[in-house]
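# curious how this folds, go ahead:
(one chain, ligands or ions: 1)
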Amino acid sequence: MPRDLLEDLGLKRDPRFVEVATDTPAGVREIGGRRVIVSENPASGRAIGAVTLDDAAALERETVGAVESFKLWREVPAPERGQVVRAIGEEFRRFKEPLGELVSLEMGKIRAEGLGEVQETVDIADFAVGLSRQLPGQVFPSERRGHRLMEQWLPLGPVGVITAFNFPNAVWGWNAMLAAVCGDSVVWKPSLLTPLISLATHRIAERVAEAMGHKGIFRLVIGTDDEVGERLISDRRYPLISATGSCRMGQRVGQVVAGRLGRSLLELGGNNAVIVHADADLNLAVPSIVFGSVGTAGQRCTTTRRLIAHESVVDGLVDRLVAAYGQVLNRIGDPLKEGTLVGPLIDDRAVKAFDRAVRTAREQGGKVLIGGGVMGDRGGHFVQPTIVRVPANNRLDIASEETFAPILYVFACKSIDEAISLQNSVDQGLSSAIFTESIRVSERFLSPSGSGSDCGIANVNAGTSGAEIGGAFGGEKDTGGGRESGSDSWKAYMRRQTCTVNFAGRFELAQGIRFE
Ligand code: NAD
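Model (predicted):
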């Protein structure tokens, strides 16, 4: 550890923080009479620290508090709410280094990506500040004389935000910064795999909001899925649950929230493909595919998991990828060390899932071209980035699943139609990309009829991962259909009201109905 990040971020002074011996096993434990979650450094397998777990009573307290804070916060004019978000964004800028490094330490992504993640929170804060002076409604022509027909957008209520381990700071930022300018309070239930970065993130936002006289808009509940998660999603006081994570989790959250007729915003798993057409510029495609498939050790929702290349280029492309992976294999290690390109997987369960997937791929006829191994000698949870060539009939069932690890399955195809059909053949629909120099082929991929990519994100000559915050982010099918971040995603955090104002001074019904 280059410096004492926990000290720099004030975590050691937080009453919820618990110091533990580095050989304490990760997970939920009873320490000194407190139920805590012990967090480990995935690069070493050693404990970093622990955080006191919240129980059902704590969730209830925070929910009651969030309802009260919401009532006060919604009265604050949106541009003034924007000033609070602006100050929060400034504070994240100030703490970008230690926070980004803590993301690397606790989650395992390399330092540049850890800092990049905090930058996303800064960027979305900037975006939200601008939005705080818009949140526009529309005015429509009324069919009745002397009437105005319009819609306005109103604060929604406390928003429950559930986040995945792999973006422990930015996904909260995407939700919380928008929700805050929209006039909502936020109760955050983060992943139990990243409690320290969640606590550090929360402390910054809450400290700034409190100093500006708005205590309690941002709340944090760190608890188990059974005791806290399930209660949060069932609670009618949350009109919106925004949940990021696996498709399995989303199916459960979606059903429970729909059962109470609440709203859910689901950002779930992906199984993203890059199509490389016969005329592609491979100098563009190769680095995009390598970054997309090995970046964050394959633990991005937008990770490139499948490569679908035209049969005329597939062999040459694979040779170049294998050569590039050969270099990457020498740069696996401590994510905080300069020069490291690939850090560890998050935990031992993820390593086992990787190992299982590689074995299954082999059993199903796939050929491992490079990688495939678990690096068990290192202490942490390291695996080798892996390329698997699927059999000539393009059948490999395991490639239809999202294994949250750096495995790239390579398919060969004969035509753009076959490539698009293969790409769309999986259950998830998050991100997709094509490399081509042909406008016909790229327009086929982006076809306005919808017959091209079926994903929420479709890129041309840019890879599947590394989205900017300006556009809406999310995917279709089992990815859940939600949209977060830019564009008009803010609408999810507000309620729409259609208003008719009669200034004619006489009674008149629509559709010419007479009632006299
Ligand atoms: P996960 O589904 O195991 O957990 C995600 C979150 O859901 C955690 O906070 C977890 O505690 C919570 N959760 C699980 N069951 C719950 C329940 N019954 N009630 C309430 N909360 C519950 O996912 P993970 O392993 O942390 O993250 C990896 C997954 O997230 C991958 O599938 C990845 O693709 C996906 N992801 C998607 C996006 C996106 O924007 N589409 C972004 C990041 C990650």
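
# what residues does the protein have near the ligand?
Applying Cβ under 6 Å from any ligand atom, one finds that the chain approaches the ligand through 162-167, 189-192, 225, 229-230, 233, 244-246, 249, 252-253, 267-270, 301, 402, 404, 430, 479. C-betas here are computed from N, CA, C, even on glycine.

# so of those residues, which ones are in helices?
Helix and strand membership here follows DSSP state H; of these, those in helices are Glu230, Ile233, Met249, Arg252, Val253.

# of the residues you listed, which is the nearest to Gly379?
Proximity of these to Gly379 (Cβ to Cβ) peaks at Met249, which lies at 29.5 Å.

# could you find the closest non-adjacent residue to the closest one?
The shortest distance from Met249 to any non-neighbouring residue, by Cβ to Cβ, 6 or more residues apart in numbering, is to Ala243 (6.7 Å).

# how many residues are close by that neighbour?
When neighbours are defined as other Cβ atoms under 10 Å, Ala243 has 29 of them.

# run through the protein and note the low-pLDDT ranges.
1-2 (pLDDT under 70).

# just the buried residues of the helix ranked longest in it, please?
Across the chain, the longest stretch assigned as helix under DSSP H is helix 111-131. The neighbour-count check on helix 111-131 (16 or more other Cβ atoms under 10 Å) flags 111, 113-129, 131 as buried.

# with stretch 10-25 instead?
Under 16+ other Cβ under 10 Å, the buried positions of stretch 10-25 are Gly10, Leu11, Asp14, Arg16, Phe17, Val18, Val20, Thr24.

# now these as JSON lines including secondary structure?
Formatted as JSON lines, the buried residues of stretch 10-25 follow (DSSP: H, G, I helix; E, B strand; the rest coil):
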{"residue": "Gly10", "secondary structure": "coil"}
{"residue": "Leu11", "secondary structure": "helix"}
{"residue": "Asp14", "secondary structure": "coil"}
{"residue": "Arg16", "secondary structure": "coil"}
{"residue": "Phe17", "secondary structure": "strand"}
{"residue": "Val18", "secondary structure": "strand"}
{"residue": "Val20", "secondary structure": "coil"}
{"residue": "Thr24", "secondary structure": "coil"}
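
# tell me the SS of Ala258?
Taking three-state DSSP as the rule, one finds Ala258 in the helix state.

# begin at 444 from here
In the new numbering, first residue 444, that becomes Ala701.

# measure it to Pro682 for me?
When Cβ to Cβ, to the nearest Å is the yardstick, Ala701 and Pro682 sit 13 Å from each other.

# between these two, which one's more packed in?
In this view Ala701 and Pro682 are compared by other Cβ under 10 Å, and Pro682 has more residues nearby, 18 against 11.

# check contacts around the residue of the stretch 744-893 of the chain found nearest the ligand.
Ranked by Cβ to the nearest ligand atom, the top residue of the stretch 744-893 of the chain for proximity to the ligand is Cys744, at 3.3 Å. Under the criterion of Cβ atoms under 8 Å, 6 or more residues apart in numbering, the contact list for Cys744 reads Ala607, Asn609, Thr687, Glu710, Leu711, Gly712, Gly713, Leu873, Ser874.

# pull the number of nearby residues for Arg706.
As a measure of burial, Arg706 has 16 neighbours, counting by other Cβ under 10 Å.

# same deal with Leu635?
The tally of other residues near Leu635 (other Cβ under 10 Å) stands at 22.

# is it true that it touches Val471?
Yes. Using Cβ atoms under 8 Å, Leu635 and Val471 qualify as a contacting pair, with a distance of 7.4 Å.

# identify the contacts common to those two.
The overlap between the contact sets of Leu635 and Val471 (Cβ under 8 Å, 6+ apart) consists of Ile480, Thr667.

# could you measure from the nearest residue in space to Leu592 that is not next to it in sequence over to Phe950?
The shortest distance from Leu592 to any residue other than its chain neighbours is 4.1 Å, reached at Ser585 (Cβ to Cβ, 6+ apart). Taking Cβ to Cβ as the measure, Ser585 and Phe950 are separated by 14 Å.

# which stretch of helix or strand covers the residue positioned nearest the centre of the chain?
With distances taken as Cα atoms, centre = their mean, the chain has Val614 as the residue nearest its mean C-alpha position (5.0 Å). Assigned by DSSP states H and E, Val614 falls within helix 613-625.

# now do that helix against helix 554-574, angle only.
Taking axes from the mean of the first three to the mean of the last three Cα atoms, to 10 degrees, helix 613-625 and helix 554-574 form an angle of 10 degrees between their directions.

# for helix 613-625, list the C-alpha coordinates in PDB.
Output for helix 613-625, consisting of C-alpha atoms alone and laid out as PDB, is shown next (Å, rounded to 0.1, in the frame of the first residue of the first chain):
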ATOM      1  CA  ALA A 613     -19.300   5.200  -9.900                       C
ATOM      2  CA  VAL A 614     -22.600   3.300 -10.000                       C
ATOM      3  CA  TRP A 615     -23.600   5.000  -6.800                       C
ATOM      4  CA  GLY A 616     -22.500   8.300  -8.400                       C
ATOM      5  CA  TRP A 617     -24.600   7.700 -11.500                       C
ATOM      6  CA  ASN A 618     -27.700   7.100  -9.400                       C
ATOM      7  CA  ALA A 619     -27.100   9.400  -6.400                       C
ATOM      8  CA  MET A 620     -26.000  12.600  -8.300                       C
ATOM      9  CA  LEU A 621     -29.100  12.400 -10.600                       C
ATOM     10  CA  ALA A 622     -31.500  11.500  -7.900                       C
ATOM     11  CA  ALA A 623     -30.200  14.400  -5.800                       C
ATOM     12  CA  VAL A 624     -30.800  17.100  -8.400                       C
ATOM     13  CA  CYS A 625     -34.200  15.500  -9.100                       C
END
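
# from the chain's centroid, how far away is it?
The offset between the C-alpha centroid of helix 613-625 and the centroid of the whole chain comes to 12 Å, using Cα atoms, centre = their mean, to the nearest Å.

# which other helices and strands contact that helix?
When contacts are defined as 3 or more Cβ pairs under 8 Å, 6 or more residues apart in numbering; DSSP states H and E, helix 613-625 sits against helix 521-537, helix 554-574, strand 602-605, strand 629-632, helix 638-654, strand 927-928.

# change it to 7 Å
Packing contacts for helix 613-625, counted by 3 or more Cβ pairs under 7 Å, 6 or more residues apart in numbering; DSSP states H and E, involve helix 521-537, helix 554-574, strand 602-605, strand 629-632, strand 927-928.

# buried residues in it?
In helix 613-625, the ones that count as buried by 16+ other Cβ under 10 Å are 613-625.

# what's the closest of the residues you listed to His645?
Ranking these by separation from His645, with Cβ to Cβ as the measure, puts Trp615 on top at 8.0 Å.

# can you tell me how far the closest one is from Leu772?
Here the distance between Trp615 and Leu772 works out to 33 Å (Cβ to Cβ).

# tell me which helix or strand the spatially closest residue to Ala701 that is not a sequence neighbour sits in.
Spatially, and ignoring its direct neighbours in sequence, Ala701 is nearest to Ser707 (7.1 Å; Cβ to Cβ, 6+ apart). In this structure, Ser707 sits in strand 706-710 according to DSSP H and E.
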